[in-house]
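Colleague: Predicted coordinates and the sequence they were generated for:
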Amino acid sequence: MEIERIFADTNLFLRYLTNDIPEQASAFEELLHAAGQRKFKLVANELVMAEIVWTLESYYRLTKDVIQEKILAILNTTGLAVSNEEIVLQAIIWYVEKNMDFIDAYNAAWMIEQGIQTACTFDRKHFNRFDEIIVKVPGYL
């Protein structure tokens with residue numbers, strides 16, 4: 001019999017990571033513990049990770065290093081799977097190393113993983129940080 005998969009929404013992680021509502025943080029901690037015991041598998045996707053990064057950065061005003069630490073902890077949680085985990089991992093590394101937006105870092109990591117060499121954008125700043133990516137601007141192609 002296949003283990004049940006349960007989607008874990010962004011707010012669960014935020015309550016746990018910030019402990020701003022302790023009862024909810026504790027409830028999610030219990031859920032993580034049960035998932036770690038393989039009672040079910042928690043799953044999240046890259047949009048959840050992006051929303052976590054954005055909220056921790058914009059609302060909680062955490063530094064990129066602290067946010068990276070929290071995302072790495074999520075990715076290393078037993079009983080939790082994140083879709084496109086390797087791309088999320090690369091993105092959170094570049095988010096700090098290249099000092100760029102998480103979404104742009106994710107898109108660059110995704111492009112490289114897909115073998116896409118050219119990005120078409122009006123915002124060249126972040127994509128120009130990659131030797132592997134050729135940046136083209138509409139109207140100037």
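Modeller: Cool, got the structure.
Colleague: sec struct for Val43, please.
Modeller: Assigned with DSSP: H, G, I helix; E, B strand; the rest coil, Val43 falls in the strand class.
Colleague: and the longest helix for this protein?
Modeller: Secondary structure of the chain read by DSSP state H shows that its longest helix is helix 22-36.
Colleague: for stretch 122-129, which positions count as buried?
Modeller: The neighbour-count check on stretch 122-129 (16 or more other CB atoms under 10 Å) flags 126-127, 129 as buried. For the C-beta atoms, the positions are set from N, CA and C on the backbone; glycine is no exception.
Colleague: And that stretch, end to end?
Modeller: One end of stretch 122-129 to the other measures 15 Å (CA to CA, to the nearest Å).
Colleague: same question, stretch 10-24
Modeller: From its first residue to its last, stretch 10-24 covers 13 Å (CA to CA).
Colleague: pLDDT on it, on average?
Modeller: Regarding stretch 10-24, the rounded mean pLDDT is 97.
Colleague: before we move on, what about stretch 119-126?
Modeller: 88.
Colleague: Other residues contacting it?
Modeller: Residues outside stretch 119-126 that contact it (CB atoms under 8 Å, 6 or more residues apart in numbering) are 98, 100-101, 104-105, 107-108, 111, 127, 133-138, 141.
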